[in-house]
Every structure is written in C-alpha cells, then in structure tokens.
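**Student:** Can you look at this prediction? I've put the sequence above it.
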Amino acid sequence: MATVAQPAPSLMRSPFRKLWLAQFVSVFGDFLALFGVISLITFRWHGTPVQITWVMLSFMLPMAVVSPPAGVFVDRWNVKKLMIASDLIRALLISGLIFATNVYQICAIFAVLSAVSSFFAPAQSVALRTLVPAENLLAANAMMSQAFYAVRILSPAAAGALVAWLTERACFYVDTASFLFSAAMLSTLLIARPPSENRGKSLRALTEDLVAGNKFIFTHPGLAFVLTAMAMAMLVMSAFAPLISIYVRDSLSAGSFLYGMISSMVGVGLIVGTQLLTRAAANIPRTAVVLYGLLGLGVGAALLGLFANIIMAAAGTFAMGFAIAFIIVPAQTMSQQETPRDMMGRVSGSFMSLVALSQAVGMLFSGYLAHLLGLRPLFVACAVVLALMAGTGYLIVSKRTPEPAPGI
C-alpha cells in the first residue's frame, strides 16, 4: 500500500500544483461572493427564502442547459485560452455585483456567470487529464475535491468577518481578484492538447458531436452507472442542504452555531473520505467504490432520520460527506480515464449538466417533500432509495464482466 500514497506529493511538485492552486483560490473567492450575496439579500434587503432560492437556481439551471453544447466547443477550441478567457469574463461579471441594487440584477449576473462557468469546468477536466499521468488521476481528483471542501469549511468565518468589517462588497472584490489570480496561474501552464480543427463547423456537425458524446456515455455501462450514481448523490445532497437548518432548529432545538458545526461535518467527512480513498480504495474497481459510496450516503441519511440528537446528527452529516468522496472522485476519474481524448469536453459537459440539473431538482422539491412527508421521514425515505439503488447497482454490476482494477 505504500506505493498508493506516493502520487499526491509528486503531484504537488508538478504543473498540477498551479491548476490546484488556481482552483483553490478561485473557489474560495466564489464562496465568499455567495456568502456576500446571501447576506446582502437576507440582512440588508430583507429578502425572502424564495428570492434566495431563485438566485441559486439562476446559477444551476443555465449550467444544466449550456454545459453539453459548451463541451462540444471545448473539444474544438484551445483549452488554455478558453480557461483564461472564462476567468477574466467571470472577474468582470462578479465585479458587477458591487453595483447590483436588486435581486433581479443578481439573478441576471448569476445566470451569465453560470453560462461562462459551463465552458470552464469541462476545459479544466481536459487540462487535468492532459497534465496528470493516468495512474495519478485518482489522487489528483481527490486533491481537487479536498480543496473544494476545505474552502467550504474555512470560508464562512472569513466571509462573515469581511461582511462585518467591510460590508458585502469586500467579498465581491476578493472574488474578482481570485479570478484574476486564477487566470494568471493558468497562463503559466503548458497544456499540450491542440484543439481539433478537422471537424466541420456547421450546426449539423456540432449536433453530431454532441450526440456522439452522449451516446458514448450511455453505451458505456460503467460510465452510465457512475454518472447516474453521481446525479443521485447530488440530488440528495442538494435536497438536504436547505433542510439541515430546519432539522437543527426543529429536531435538535438548537441555533445557528450548531447549524454551522453540523454543516461543516460534510466537508470534514469528504476530506477524510478522499484521504482514505487514495490509500485504501485505489485498486478497487471504480463501480464497486461508487456502490460503497451510495450505501454510505444512505447510512448518513438514515442516522439523521432515525435519531434526533447532536451526536447522531454530526455522525450522519460526516458519513454523508465521507460517502460523497466515494462517488464523486471515482466518477470523475473514470470519465477521464475511459473517455477518448477528443471527447473529453463533451463527456465532462454532460456530466456537469446532469449534476447541475440534479441539484436544481433537489433544491426545488426538497421543501415540498419535507412538508408532505415530514422532515425526518423524508431523510429515512432518501436512505431507503439510496440503499435500493446500491442493491440494484450491485446486481447489475455483478452480472457484467468484472471491471479490471485500475492499478493505481
């Protein structure tokens, strides 16, 4: 097992370090900006929960629509230039939040921001595949996920301090600077992946490329399974996110401090999960790892639904974060390893689209289902669905030719 733990340090001495640092700083800025927007609407403009929801949906829904065609262009354009241009455009858009005077303007900015981000995400996936050797992709994806959730844990305190001292605008200035920093870091990378220029540029040719990418996903049993599992995981997590505060208030009879602590356990769980994943699960077939993740996610949901005490609530959210690592990281790694190089943009775009759509659906229906079933029964129902999905997935996977161990 000693050889399994080696890739991560070597990665941080490679060009991957710059890509990782660019994401870390950029994501940190994004969380600050999101906190600033929510604070602005909630406390200064005295907005409603519906307005907050619409702001979130204005970011998710365009990404669900734009990501698949964006992936087609990623496969045709220069990836490095595309990522830098995306960062610069997003810096300009975020700076527009400084001058926003109502929720409608924020929604419009977030919608355009989402469309531009729809190009960046698949381009970053292509860059990762190009910069990192295939045997190190699992460790690289784990480190990218760790950066995201480490920021999720750290950013609320930093954002709260900025808002208290310098108002919400400070968050928007920092996020603008973070995109500029990311663009500067990306400009130093050498991404040896020339764009494809031999394909037609007509609408028909673009449509054929889009269809070919989706056909590849859904005719590849392993990718189709992990994509479905990741979408289900994102749906559950996005449904839980707006309900955890209500759970803490009504089931635990606690306040905002405990809500912050319970929520942060998701990030802690994911960081611990990715650490274990790169060491203990690197030689296990990806589909099997995803099945464990689905089952673990169900266990976390069950703990929240069956018990109403602080220890079990913390254990449940930790388990959910831990399990998410076993779904997202293998799914991303498998898509990068199994997808032909000239399809990486399209496949990544379709992945992003389904994830964004799942998050939007989960957010839209979580409140209604909680009202219909009750909060804790809804958590138990989610646990049952996840367990059934894991069992069905096991039956499907066990009937296929065993997937070879990745040998990482």
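**Tutor:** Okay, I see it.
**Student:** if I look at residue 114, how far off is residue 27?
**Tutor:** 15 Å (CB to CB, to the nearest Å). For glycine as for every other residue, the C-beta is placed from the backbone atoms N, C-alpha and C.
**Student:** for residue 208, same thing?
**Tutor:** 34 Å.
**Student:** neighbour count winner among these two?
**Tutor:** residue 27 (21 against 14; other CB atoms under 10 Å).
**Student:** Pull the contacting residues for the more buried one.
**Tutor:** By CB atoms under 8 Å, 6 or more residues apart in numbering, residue 27 lies in contact with 147, 148, 151.
**Student:** can you tell me the helix or strand for it?
**Tutor:** helix 16-39 (DSSP states H and E).
**Student:** If you count neighbours, what's buried in the helix or strand following that helix?
**Tutor:** The helix or strand immediately downstream of helix 16-39 is helix 49-74, counting by DSSP H and E. Neighbour counts over helix 49-74 (16 or more other CB atoms under 10 Å) mark 51-52, 54-64, 66-74 as buried.
**Student:** chain center to helix 49-74: distance?
**Tutor:** Taking CA atoms, centre = their mean, to the nearest Å, one finds the center of helix 49-74 at 13 Å from the center of the full chain.
**Student:** So which bits of the next helix or strand after that helix are buried?
**Tutor:** Sequence order places helix 79-96 as the next helix or strand after helix 49-74, per DSSP H and E. Neighbour-count burial for helix 79-96 flags 79-80, 82-87, 89-91, 93-96 (criterion: 16+ other CB under 10 Å).
**Student:** What average pLDDT does helix 79-96 get?
**Tutor:** Average pLDDT, helix 79-96: 94.
**Student:** Tell me the helices and strands packed up against the helix or strand that it is followed by.
**Tutor:** For helix 79-96, the following helix or strand on the C-terminal side (DSSP H and E) is helix 103-131. In this structure, helix 103-131 makes packing contacts with helix 16-39, helix 49-74, helix 79-96, helix 137-166, helix 310-338, helix 344-373, judged by 3 or more CB pairs under 8 Å, 6 or more residues apart in numbering; DSSP states H and E.
**Student:** Pick the most buried one from the ones you listed.
**Tutor:** Highest mean neighbour count of the helices and strands packed on helix 103-131: helix 310-338, a mean of 24 (counted as mean count of other CB atoms under 10 Å).
**Student:** just checking, what packs against that helix?
**Tutor:** On a contact count with 3+ CB pairs under 8 Å, 6+ apart, helix 310-338 meets helix 103-131, helix 137-166, helix 221-250, helix 256-280, helix 286-306, helix 344-373.
**Student:** Nothing else from me, thank you.
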